[in-house]
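Visitor: curious how this folds, go ahead:
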Amino acid sequence: MDAAQKPFLFVADLHLSAERPALYETFLRFLDEHARNAAALYILGDLFEYWVGDEDADDAFNGGVIDALGALARTGVPVYLMHGNRDFLIGRRAAERGGLQLIADPTVIDVYGTRTLLMHGDTLCTDDVAYQRARARWRRPFILRAFLTLPFALRRRIGLKLRAKSERTKKQTPPEIMDVNAQAVESVLRSFGYPRLIHGHTHRPARHLHHIDGYTCERWVLGDWYRRGSFLACDAAGCRVVEL
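Guide: Coordinates of the predicted model:
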């Protein structure tokens, strides 16, 4: 395929873990059958179900995922990783092992002439006040530094407890509270100059159009990989969802 025609691929919310081995096989097929022919692969958060420090890369399953991405990167396909709410502790050691280029949330890129804003998406869910407070607390640098000084086994136990608490909270929270806030979306689109927006987090895959200040902005929500995988492919002709 001509380099100018190669699509940019976007995924999010894979939530890979050893408990779902079939999903890992889907992930490997995605890399082999689709990603190796891409202009670039962007992973917009929650590659893993949870991550409590780069010692997690020493786990056989996690290490296999990282090494598979490293093999892709060595073929010349750039692999970019944005932190999600489950794996925001992926650090430099794991990224270097996998040939991953860590990118900020948000990040703006050019996709064949279209300004495209990339986000994980959780900061758009401003109606979920409890989550936003917890997120702000956990992202404080001194909290992160203190957490990473704890023994790895203790961090893992804490991570599993937080994961279980998150699942309980999701069942008790109305779905509309956990979705993006329309005003938050419009605000970020306006502040970044009315780009295309691609994000994950909400597990509500769809294409939305936002009409703001005379501009029409396209917003793509990426699907999660809990049951089956999918990705968004964008080229000069536009974007399309591909189911795996």
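
Visitor: my reading is that Trp51 lies in a helix. Confirm?
Guide: No - with DSSP: H, G, I helix; E, B strand; the rest coil as the criterion, Trp51 is located in coil rather than a helix.

Visitor: what about the closest residue to it other than its chain neighbours, neighbour count?
Guide: Spatial nearest neighbour of Trp51, chain neighbours left out: Asp87 (4.0 Å); criterion: Cβ to Cβ, 6 or more residues apart in numbering. Glycine gets a C-beta too; all of them are placed from N, C-alpha and C. Applying other Cβ atoms under 10 Å, we find 24 other residues in the vicinity of Asp87.

Visitor: and Asp87, what does it touch?
Guide: Under the criterion of Cβ atoms under 8 Å, 6 or more residues apart in numbering, the contact list for Asp87 reads 45-48, 50-51.

Visitor: give the buried residues for the helix or strand hosting Ala146.
Guide: When secondary structure is defined using DSSP states H and E, the element that contains Ala146 is helix 141-148. For helix 141-148, burial by neighbour count (16 or more other Cβ atoms under 10 Å) applies to Phe147.

Visitor: phi and psi next, for the residue of the chain positioned farthest from its centre.
Guide: Ranked by distance from the centre of the chain (Cα atoms, centre = their mean), the top residue is Gly214, with 29.9 Å. The phi/psi pair for Gly214 (degrees, to the nearest 10) reads phi 90, psi 0.

Visitor: looking at it now. What's its pLDDT?
Guide: Note on Gly214: pLDDT of 97.

Visitor: roughly how far does it sit from Arg190?
Guide: Here the distance between Gly214 and Arg190 works out to 11 Å (Cβ to Cβ, to the nearest Å).

Visitor: what angle do the helix or strand containing Arg168 and helix 141-148 make?
Guide: The secondary structure element spanning Arg168 is helix 152-172 (assigned by DSSP H and E). For the pair helix 152-172 and helix 141-148, the angle between their directions (axes from the mean of the first three to the mean of the last three Cα atoms, to 10 degrees) equals 120 degrees.

Visitor: who are the packing partners of helix 152-172?
Guide: Other elements packing on helix 152-172 under the criterion 3 or more Cβ pairs under 8 Å, 6 or more residues apart in numbering; DSSP states H and E are helix 141-148.
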